[in-house]
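Participant: kindly return the folded structure for what I paste below:
(2 chains)
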Amino acid sequence: MPNPPTSAINSESLSDGALIRLQGDIDFSRSPGLRGELMGLLKKPVPRMVVDLASVGYMDSSGVAVLVEALQTQRARKHKLILCAMQPKVKGIFEISRLNQLFTIVADMDAAMKA
Amino acid sequence: MESWRAEASRGQAKGDRQERTDEGDRLRTQDSGLSKLPMSSNSRILLELTSDPALLCVVRAAVATAAEKFGLDEAPAGQLKLAVDEALSNVIKHGYKGRTDQLIWVTLSPIGNGQRLGIEVVIEDRAEQVDLTRIKGRPLEELRPGGLGVHIIRQAVDVAEYEKRADGPGLRLTLKKFTEKKE
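Facilitator: The predicted model follows:
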């Protein structure tokens, strides 16, 4: 699927944080932009960051690395990073790299708000 | 095509042609649901691209389509697509240091290993030589960004072999992915 040239994310506020919706394929061509946007959002404290991956059909290790960096930042602040609505094709790379054991991965927004 | 490239293709052909011709033909004529594939065992796709990350999606689409055409199911085709994407990203990032105007060649060929159909992907570049012993994944228990590409490549395919190109700078990576075993 061709990647949209626009921003990889859109965000909205939650009562205790932010919901980040990613879209399109996240590969080496887009991960630098995603990193800039995501880490920009994390310049201020976000106690609960929920990343909605429902519209992401493909992710490579460069996209995973951005999420790992965000998780490190959140953990250092004792804040939460929750991945939700991950498609099976995307879940595969988390399983191969065993990062599914380190991230909080939930099925939907309801579960994300309770995590 | 430059001479080194032609040599590489000839070398590959000498090594694998018999494998492709005999086993590939035999498997593709078995009653495996794959005999409908309208192609010869000598089918081959050669992609030449510049080292521009924006082209990764094009190669992924080509790999996915070729893998399906050569007999792989969706899941193994997806794993191969991921491995090729990671390998190309490594070439661009580490080999060509992010330069987007350098050349990379990707060759896709159907293969057979006696029991299963498969696809071979050869990725070649002209980046500066690297120490092959340094191409390895990092420990997975570390939570840090980066360094996962080589691990993912080795997990995603059945064969991943790096070698230096004999007659010039750069690497040649051979990936092989076979159909899943049927019970």
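Participant: report the beta-bridge partners for the spatially most central residue of chain A.
Facilitator: A centroid search over chain A (C-alpha atoms, centre = their mean) returns A:Val51, at 4.1 Å, as the residue closest to the centre. Beta bridges link A:Val51 to A:Ile20, A:Leu83 when assigned by DSSP bridges.
Participant: surely it touches A:Lys80?
Facilitator: No: counting by C-beta atoms under 8 Å, A:Val51 sits too far from A:Lys80 to count as a contact (10.8 Å). C-beta here means a position set from N, CA and C on the backbone, and glycine is covered the same way.
Participant: re the thing from before, the residue nearest to the centre of chain A and A:Ala112, how far apart?
Facilitator: 9 Å (C-beta to C-beta, to the nearest Å).
Participant: quickly list what's touching both of the two.
Facilitator: A:82, A:84 (C-beta atoms under 8 Å, 6 or more residues apart in numbering or on different chains).
Participant: so which strand or helix has A:Tyr58?
Facilitator: Counting by DSSP states H and E, the element that carries A:Tyr58 is strand A:48-59.
Participant: what does that strand contact?
Facilitator: Contacts of strand A:48-59 (C-beta under 8 Å, 6+ apart): A:1, A:14, A:16-27, A:41-42, A:67, A:70, A:74, A:79-87, A:89-90, A:93, A:109, A:112-113, B:60.
Participant: please name the nearest non-neighbouring residue to B:Glu163.
Facilitator: B:Arg172 (5.2 Å; C-beta to C-beta, 6 or more residues apart in numbering or on different chains).
Participant: show me what counts as buried in the helix or strand encompassing the one you found.
Facilitator: Applying DSSP H and E as the criterion places B:Arg172 in strand B:171-178. Buried residues in strand B:171-178, counted by 16 or more other C-beta atoms under 10 Å in any protein chain shown: B:171-178.
Participant: hang on, the earlier thing: can you turn the buried part of the contacts of strand A:48-59 into a ChimeraX selection?
Facilitator: Remark: buried members of the contacts of strand A:48-59, expressed as a ChimeraX selection using 16+ other C-beta under 10 Å:
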select /A:14,17,18,19,20,21,22,23,24,25,26,27,42,67,70,74,79,80,81,82,83,84,85,86,89,90,93,109,112,113 /B:60
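Participant: quick one: the helices in chain B?
Facilitator: With DSSP state H as the criterion, chain B has helices at B:3-18, B:25-29, B:56-69, B:74-90, B:149-156.
Participant: got the contact list for the closest residue to B:Glu128 other than its chain neighbours?
Facilitator: Excluding the flanking residues, the one nearest B:Glu128 by C-beta to C-beta, 6+ apart is B:Pro169, at 5.6 Å. Neighbour list for B:Pro169: B:126-129 [criterion: C-beta under 8 Å, 6+ apart].
Participant: B:Pro169 and A:Gln23: what is the separation?
Facilitator: 39 Å.
Participant: what do you get for B:Ser51?
Facilitator: For B:Ser51 relative to A:Gln23 (C-beta to C-beta), the value is 26 Å.
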